[in-house]
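Undergrad: everything below, folded, please.
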Amino acid sequence: MAAATQLGALLLDALGEFERAVEAVPAPGRHRRIGRLNAPAWTVAHLASSVDGWVNVYAWGGEGDRWAGEWYERQAALSAGVALDTSLDDARAAFARIAERARASLGAADAARLRKDTVAPLGRWGLQPVAYLVARASAHLFAHAGELTVAASLVGAPDLGLPGRLAGVRDTPADETARYVARLAVDARHEIGRVAQSLPAPARVRTIARLNAGARTLAHVAAAEDRFWNVAARGLPTDHELARAIATADAAGGDPAFDAAAEALARVRASTDDYLLALDGARFGEPLLGAAAQRRVCDQLARTAAHCFARAGELAAHGSLVGAPDPGLPGGLQGLADALLG
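TA: Here you go, the predicted structure:
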């Protein structure tokens, strides 16, 4: 199933990557909670319910999935912080049904359809265009895929390599909705910074079992963003200060300082946020420079959004293991909301 737009293709890829993350959780971690993490079955049901509501019901105006609707009502009736006991088989079956319906709608959803307003009970976000719901569902899926990789890693799974190839985006022509993906990418970088700053000290600097310390994850994201948006997109020099910090940490067998990693991400954002938001028209289809020339600008915008939300989900799960509250990913995506309604 192909999408008609870049934003629709991102949701197609997000559905597939979430499904891949579910399948990658080894059997010992599939049917139980690890520490304070959500049980995978609960996470799958939660995503089935949200995707069905945001995309199939509010965006496309269809009927909701009965199982997902009943699950949502039962969960909502419980006290705050209490998770509904959920069958993984039932949750996976519901998600498959819901994802199939969402995929079927994306092929006919052109840019004009995505700009159409829809009424959705999203609390303080109120009335939003379909584009907001599609983008929000994508971000939510990537964030929880990142969470699932933590559960998988704790029971011995190798790195899943999120966000994968994003074949849907790469096989879809660049179009005007790439500017919504650009806005989502900027919001995603804000969100990973927000989650990182909310981490308790142990999650910032300490590895748990096979997990990277928060500082290592943040430095990895900052280096990737610098490599693609300063170097490969604009031909600017790399952030040598960050490169030295990572190299020094690697040589010592440790991790970069958390503050250095956070400051590096802030520097990258300061130097590239306006650039991303100014992209338009034919520029979305242009190739990046050097070794990244096999990717178009629009491909990398999608990767930035997907990568940052996945890593934010990973950081949130790491923080949860040491007592941090849920940071509420993907946040309000206020920049995207303002751009769509402005």
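
Undergrad: three-state assignment of Pro163?
TA: coil (DSSP: H, G, I helix; E, B strand; the rest coil).

Undergrad: wouldn't it be in contact with Gly16 here?
TA: No. At 9.8 Å, Pro163 and Gly16 do not qualify as touching, with contact defined as C-beta atoms under 8 Å. Glycine gets a C-beta too; all of them are placed from N, C-alpha and C.

Undergrad: out of those two, which sits in the busier spot?
TA: Pro163 (27 against 20; other C-beta atoms under 10 Å).

Undergrad: in space, what's closest to that one - neighbours in sequence excluded?
TA: Distances taken as C-beta to C-beta, 6 or more residues apart in numbering place Ala306 nearest to Pro163, at 3.6 Å, with adjacent residues excluded.

Undergrad: for the one you found, give me its contacts.
TA: For Ala306, the contacting residues are 10, 13-14, 17, 138, 142, 162-163, 166, by C-beta atoms under 8 Å, 6 or more residues apart in numbering.

Undergrad: show me these that map onto strands.
TA: Within the contacts of Ala306, no residue falls in strands by DSSP state E.

Undergrad: in TSV, list these along with pLDDT and distance to Ala213.
TA: As requested, those are arranged in TSV below (pLDDT from 0 to 100; distance: C-beta to C-beta, whole Å):
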residue	pLDDT	distance to Ala213
Leu10	98	29
Asp13	98	28
Ala14	98	27
Glu17	98	24
Ser138	98	28
Phe142	98	21
Leu162	96	18
Pro163	97	21
Leu166	98	27
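
Undergrad: so which of these is the most crowded?
TA: Among the contacts of Ala306, the one with the most neighbours (other C-beta under 10 Å) is Leu10, at 35 neighbours.

Undergrad: what's near enough to touch it?
TA: 134-135, 138, 166, 168-169, 181, 184, 302, 305-306.

Undergrad: of those, which is the nearest to Ala252?
TA: Within those, the smallest distance to Ala252 is 31.3 Å, found for Ala306 (C-beta to C-beta).

Undergrad: for my notes, confirm that closest one occurs in a helix.
TA: Yes. According to three-state DSSP, the state of Ala306 is that of a helix.

Undergrad: distance check, it against Ser138.
TA: 8 Å (C-beta to C-beta, to the nearest Å).

Undergrad: could you do Val205 as well?
TA: According to C-beta to C-beta, Val205 and Ser138 sit 31 Å apart.

Undergrad: can I get the one helix or strand Ala245 maps to in PDB, CA atoms only?
TA: In the assignment (DSSP states H and E), Ala245 maps to helix 240-252. Taking C-alpha atoms only, helix 240-252 is exported to PDB below (Å, rounded to 0.1, in the frame of the first residue of the first chain):
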ATOM      1  CA  HIS A 240      34.400  19.500  16.400                       C
ATOM      2  CA  GLU A 241      33.700  20.000  20.100                       C
ATOM      3  CA  LEU A 242      31.100  17.300  20.100                       C
ATOM      4  CA  ALA A 243      33.300  15.000  18.000                       C
ATOM      5  CA  ARG A 244      36.100  15.400  20.500                       C
ATOM      6  CA  ALA A 245      33.900  14.700  23.500                       C
ATOM      7  CA  ILE A 246      32.600  11.500  21.900                       C
ATOM      8  CA  ALA A 247      36.100  10.400  20.800                       C
ATOM      9  CA  THR A 248      37.600  11.100  24.300                       C
ATOM     10  CA  ALA A 249      34.800   9.200  26.000                       C
ATOM     11  CA  ASP A 250      35.200   6.200  23.600                       C
ATOM     12  CA  ALA A 251      38.900   6.100  24.200                       C
ATOM     13  CA  ALA A 252      38.300   6.100  28.000                       C
END
